[in-house]
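K.L.:
Take a look and give me a structure for this.
(4 chains)
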Number of protein chains: 2
Amino acid sequence: MTSSRKHITIKEVADQAGVSIQTVSRVINGRPDVSAETRQRVQQIVDELGFRPYALARGLASRRNRTLGLFATDLSDYFFAEATVGANAEALEHGYFFILGSTKLRREEEPKYLQLLTERHVDGVLFVRAGSEDDREHLFHLNQAGIPLVTTGFQQTAIEFTLVDAKNLDGAFTAVKYLLDLGHTQIAMITGPRGVKSTHDREEGYYHALAAAGIPLDPALIGYGDWTHASGYRAMQQIIANGQLFTALFAHNDRMAIGAMSALHSLGLRVSQDVSVVGFDDIPEAEFSDPPLTTVRQPLEEIGRTAARLLIQRVENPQLGPVQVLLDTELVLRSSCARR
Amino acid sequence: MTSSRKHITIKEVADQAGVSIQTVSRVINGRPDVSAETRQRVQQIVDELGFRPYALARGLASRRNRTLGLFATDLSDYFFAEATVGANAEALEHGYFFILGSTKLRREEEPKYLQLLTERHVDGVLFVRAGSEDDREHLFHLNQAGIPLVTTGFQQTAIEFTLVDAKNLDGAFTAVKYLLDLGHTQIAMITGPRGVKSTHDREEGYYHALAAAGIPLDPALIGYGDWTHASGYRAMQQIIANGQLFTALFAHNDRMAIGAMSALHSLGLRVSQDVSVVGFDDIPEAEFSDPPLTTVRQPLEEIGRTAARLLIQRVENPQLGPVQVLLDTELVLRSSCARR
DNA sequence: GTGAAAGCGCTAACAT
DNA sequence: ATGTTAGCGCTTTCAC
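P.N.:
Numbers count the residues shown, from 1 in each chain, chains lettered A, B, ... in the order given. Presented below is the predicted three-dimensional model:
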């Protein structure tokens, strides 16, 4: 029952093993230039003593922290949470940790936390957020500081960073095409926030699909949201108030789709029979909404994992240039849509 | 447009200010024993140069990391995500960071990440999870290592840790009492996972309320879930299959309540008219379910903030003993319940 | 009130 | 293949 607050250092291992500190260092770092028998003897002492190198000292000496910064918009949003989970799992497997940069902060405070992140000398930073123009400045600063950057959902620019995202345009195109094939011709849309790449790409998908079907665009059928349930609810009310007939809806995420369905219900409209609805994301509750929601699934966890993997690669090989990885989406059919 | 990868050290500040390194250290740490004018001169150089002390070196020298470990169950669960957001915001305000210990890992891997956490010499660890018995061993180990611990949702035991949670028993009691007052006497319940404190307390609340009303317990009315939508769906089916009549349901969280409502719908039963439903948590979609869900709100973010605050207090004053803080819940009325 | 010296535990660069 | 010497950038003694 002894408290083991005190911990074993590399020196104690070296003394016990009768070698120099350096040799122990080589062993624990898996360097090749140690004889098999020395390696084995040292390793045994390491195991016996339960020695674990002190990450801080290591980081200070090697100038490699094995720590990554995570700059997320809002962890309570399933999209970001799931991507974060994937990124963290991947990082852990490579011996890296993420420190939580910002979550749900007011915008004015963000620069402060970004600075704190650099103060910790994180080896790299992962932006898990729908990239708005406002973030460009943050990215610029980090880039200036020479810190490897990986983002999800950003417009590519002169700033060097790796991008990992879903094929938003494709996904949206497929969703709207599906509605079109069902015989719908007046298809409403509720978008994500303006100035965000995923919003832009999903709009494009919608436009392309309509254009391919020779259907003219009707601005009265488009509502603007901010990803939240409430904004979907309001946007749906707005579109209905516009007075233009529609028989289907494509929402830029599931939460807004669910909010819109709630608005539809409250007006006595039936989802599927009266209005077909398609969402985007495939959040867990999509399967249990009323009716279960047809939606475009994004590989959220995979996006996070890939982002973390690429980030670590760049940290460990600074000569690697930024890349762009777009992952496939998948239309998952449930019962919120009906043939016209 | 010069890359500023190189960074300013305390020595450069000292040289510029014409004082010793020590004096600079004193200034940046707000120590009292510096003359006002020296302090001012140093501070000015600090600002001019944009000097920020290097956290790693600080941690190594002072043996205080200002880093906390976060051991969460599943960030994609709103409960944990929201508590994490609160905890992180609080930590940031005190100059601490959280590193992400585990998220959605397989149980066998958890000890490994716990060890990694101790290797980083985190100053304290926050367990944001519904405490199951399996975690007891983890807590024991950290406790042995002398690391301050704060948990949400754990049974109190011999192990020393601070507990922050909602008043689960109260909340459940209020919910069931509400149903009782509406005239319901056969009230079904869908529980959280066995061996978890919040499940236990919410069950107790249910028992107490029924007992106070003189209504005998009927095991056929109780279903078992695991917090997920799907488990709520299945548990509802199971209870219905039991053949025992019921007119109301109390679910231990909103996701299971929404899953149960989906099961009800699929059997042609109407929520509210046929079965009144009360959930727990007040997740964002509760407001937009069909019908909007009456539920017990937990102050999730506040739980996280409080937990982080108490953790930091214990880190900074090791003589402080563990405490227990229980936060109030609130019944939020929407339209999933009707008078019997 | 201020400074000099001595580490914190480790790795890097150079020895041998 | 192994050891020695210098730090990494800061805080902590302990002087003055």
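
K.L.:
show me what contacts the residue nearest to A:Gly95 when sequence neighbours are not counted?
P.N.:
Distances taken as C-beta to C-beta, 6 or more residues apart in numbering or on different chains put A:Arg66 closest to A:Gly95, at 5.7 Å, once the chain neighbours are dropped. (Glycine included, C-beta is placed from N, CA and C.) A:Arg66 sits next to A:Ala55, A:Arg58, A:Gly59, A:Gly95, A:Tyr96, A:Phe97, A:Asp123 when contact means C-beta atoms under 8 Å, 6 or more residues apart in numbering or on different chains.

K.L.:
do the same with A:Trp227
P.N.:
By C-beta under 8 Å, 6+ apart, the neighbours of A:Trp227 are A:Asp77, A:Ala130, A:Gly192, A:Pro193, A:His252, A:Asn253, A:Arg255, A:Met256.

K.L.:
where does the fifth one land on pLDDT?
P.N.:
Spelled out, that is A:His252. If you check A:His252, the pLDDT there is 98.

K.L.:
quick revisit: drop anything exposed from the contacts of A:Trp227.
P.N.:
Among the contacts of A:Trp227, those classed as buried by 16 or more other C-beta atoms under 10 Å in any protein chain shown are A:Asp77, A:Ala130, A:Gly192, A:His252, A:Asn253, A:Arg255, A:Met256.

K.L.:
Could you export the contacts of A:Trp227 as TSV, including distance to B:Glu316 and secondary structure?
P.N.:
Below are these laid out as TSV (distance: C-beta to C-beta, whole Å; DSSP: H, G, I helix; E, B strand; the rest coil):
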residue	distance to B:Glu316	secondary structure
A:Asp77	33	coil
A:Ala130	37	coil
A:Gly192	42	coil
A:Pro193	40	coil
A:His252	45	coil
A:Asn253	42	coil
A:Arg255	40	helix
A:Met256	44	helix
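
K.L.:
among these, which one has the lowest pLDDT?
P.N.:
A:Ala130 (64).

K.L.:
So A:His229 sits against A:Asp254, correct?
P.N.:
No: with contact defined as C-beta atoms under 8 Å, A:His229 does not reach A:Asp254; the gap is 9.4 Å.

K.L.:
More neighbours: which of those two?
P.N.:
Comparing A:His229 with A:Asp254 by neighbour count (other C-beta atoms under 10 Å in any protein chain shown), the higher total belongs to A:Asp254, at 29 against 24.

K.L.:
Determine the three-state secondary structure at the closest residue to the more buried one other than its chain neighbours.
P.N.:
Residue nearest to A:Asp254 in three dimensions, not counting chain neighbours: A:Gly279, with 3.9 Å by C-beta to C-beta, 6+ apart. Secondary structure, DSSP: H, G, I helix; E, B strand; the rest coil: A:Gly279 is strand.

K.L.:
so A:Gly279 makes contact with A:Leu249?
P.N.:
No: using C-beta under 8 Å, A:Gly279 makes no contact with A:Leu249, being 9.1 Å away.

K.L.:
The helix or strand encompassing A:Val85 and chain B, any residue contact?
P.N.:
Secondary structure assignment for A:Val85, by DSSP states H and E: helix A:78-93. Yes: using C-beta under 8 Å from any C-beta of the partner chain, we find that helix A:78-93 touches chain B at A:Tyr78, A:Ala81, A:Glu82, A:Thr84, A:Val85, A:Asn88, A:Ala89, A:Leu92.

K.L.:
among these, which are within reach of DNA strand C?
P.N.:
Among the residues of helix A:78-93 next to chain B, no residue sits close to DNA strand C (C-beta under 7 Å from any atom of the strand).

K.L.:
possible to save the residues you listed as a markdown table with neighbour count and distance to A:Gly223?
P.N.:
Formatted as a markdown table, these follow (neighbours: other C-beta atoms under 10 Å in any protein chain shown; distance: C-beta to C-beta, whole Å):
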| residue | neighbour count | distance to A:Gly223 |
| --- | --- | --- |
| A:Tyr78 | 24 | 21 |
| A:Ala81 | 28 | 26 |
| A:Glu82 | 27 | 26 |
| A:Thr84 | 29 | 29 |
| A:Val85 | 25 | 31 |
| A:Asn88 | 30 | 35 |
| A:Ala89 | 19 | 36 |
| A:Leu92 | 21 | 41 |
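
K.L.:
what's the closest of those residues to B:Gly223?
P.N.:
B:Gly223 lies nearest to A:Tyr78 out of the residues of helix A:78-93 next to chain B, by C-beta to C-beta, at 25.3 Å.

K.L.:
tell me the pLDDT at that closest one?
P.N.:
87.

K.L.:
what about the closest residue to A:Glu109 other than its chain neighbours, how many neighbours?
P.N.:
Spatial nearest neighbour of A:Glu109, excluding adjacent residues (C-beta to C-beta, 6+ apart): A:Ser102 at 7.6 Å. Under the neighbour criterion other C-beta under 10 Å, A:Ser102 is assigned a count of 28.

K.L.:
give me the beta-bridge partners of A:Ser102?
P.N.:
A:Phe71 (DSSP bridges).

K.L.:
hang on, the earlier thing: mind listing residues that contact the helix holding A:Val85?
P.N.:
Outside helix A:78-93, the residues that touch it by C-beta under 8 Å, 6+ apart are A:68, A:70, A:72-75, A:97-98, A:126, A:128-129, A:152, A:253, A:281, A:283-284, A:298, A:300-309, A:312, B:74-76, B:81, B:100, B:102-105, B:113, B:116.

K.L.:
Also stretch A:43-60?
P.N.:
So stretch A:43-60 is contacted by A:7-10, A:12-13, A:16-17, A:24, A:27-28, A:64-67, A:121, B:56-57, B:59-60, B:65, B:115, B:118-121 (C-beta under 8 Å, 6+ apart).

K.L.:
now, which of the residues you listed lie within strands?
P.N.:
With DSSP state E as the criterion, strands contain A:Thr67 from among those.

K.L.:
Quick one, which of the contacts of stretch A:43-60 are buried?
P.N.:
Buried by 16+ other C-beta under 10 Å: A:8-10, A:13, A:16-17, A:24, A:27-28, A:65-67, A:121, B:56-57, B:59-60, B:65, B:118-121, out of these.

K.L.:
close enough to count as contact, A:Leu100 and B:Leu75?
P.N.:
No: the criterion here is C-beta under 8 Å, and A:Leu100 misses it with B:Leu75 at 10.4 Å.

K.L.:
what does the stretch 51-200 of chain A have sitting close to DNA strand C?
P.N.:
A:Phe51, A:Pro53, A:Tyr54, A:Ala57, A:Arg58, A:Leu60, A:Ala61, A:Ser62, A:Arg64.

K.L.:
Of those residues, which belong to helices?
P.N.:
A:Ala57, A:Arg58, A:Leu60, A:Ala61, A:Ser62 (DSSP state H).

K.L.:
which of the residues you listed are close to DNA strand D?
P.N.:
A:Ala57, A:Leu60, A:Ala61.

K.L.:
dump the residue contacts of the last one.
P.N.:
By C-beta under 8 Å, 6+ apart, no residues touch A:Ala61.

K.L.:
pLDDT score for it?
P.N.:
89.

K.L.:
for A:Thr2, same thing?
P.N.:
32.

K.L.:
any idea which helix or strand carries A:Ile190?
P.N.:
Under the criterion of DSSP H and E, A:Ile190 resides in strand A:187-191.

K.L.:
Just the mean pLDDT for that strand, thanks.
P.N.:
What strand A:187-191 shows for mean pLDDT is 98.

K.L.:
repeat for stretch A:106-122
P.N.:
78.

K.L.:
is it up against DNA strand D anywhere?
P.N.:
No: judged by C-beta under 7 Å from any atom of the strand, stretch A:106-122 stays clear of DNA strand D, getting no closer than 8.7 Å.

K.L.:
Show me which positions of that stretch end up buried.
P.N.:
Neighbour count says stretch A:106-122 has A:Glu110, A:Tyr113, A:Leu114, A:Leu116, A:Leu117, A:Thr118, A:Glu119, A:Arg120, A:His121, A:Val122 buried, by 16+ other C-beta under 10 Å.
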